[in-house]
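[1] Sequence below, structure please.
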Amino acid sequence: MLALAATFVGFSAFKYVHRTNNHQTEKWFMYDGEGPINEPSSYQLGDGNGETEPDCGPAGLIRCAVFVESDGGSPELPDEDALATVGSSNIKTRTAG
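    Model prediction:
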């Protein structure tokens, strides 16, 4: 019986650690408008630690922000693979000017 209880506690602790160490979460990242679109360094974390959807002004053709997973190693930057495959529903645009 004691072995069964120890197994349950160990499994629960493992699930907790896995859940708290997973830093990949979806956030809003603002595009700087100058660097390559698929380059993480061309983005910065949006307002509210990336939680707040940005107001890009009138919709248009220029990318201003993306809603993608952050890089697990650096939650301040978007994940490079996520940028390469971002869908149009996760991109905010604005007009030039």
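
[2] Near Asp55, how many other residues are there?
    Using other Cβ atoms under 10 Å, Asp55 has 10 neighbouring residues. Yep, even glycine has a C-beta here, placed from its N, CA and C like the rest.

[3] tell me the phi and psi of it?
    Listed backbone geometry of Asp55 is phi -100, psi 110, with angles given as degrees, to the nearest 10.

[4] Indicate each strand paired with the longest strand seen in the chain and its parallel or antiparallel sense.
    Ranked by number of residues, the top strand in the chain under DSSP state E is strand 62-69. When sheet partners are counted by DSSP bridges, strand 62-69 sits next to strand 26-31 (antiparallel), strand 91-94 (antiparallel).

[5] Need the contact partners of it.
    The contact list for strand 62-69 (Cβ atoms under 8 Å, 6 or more residues apart in numbering) reads 24-31, 33, 37, 43, 46, 53-54, 56-57, 78-79, 82-83, 86, 90-96.

[6] Can you give me the distance of Ser41 to Leu83?
    In this structure, Ser41 lies at 11 Å from Leu83, with Cβ to Cβ, to the nearest Å as the measure.

[7] what's the answer for Ser74, then?
    With distances defined as Cβ to Cβ, the gap from Ser74 to Leu83 amounts to 13 Å.
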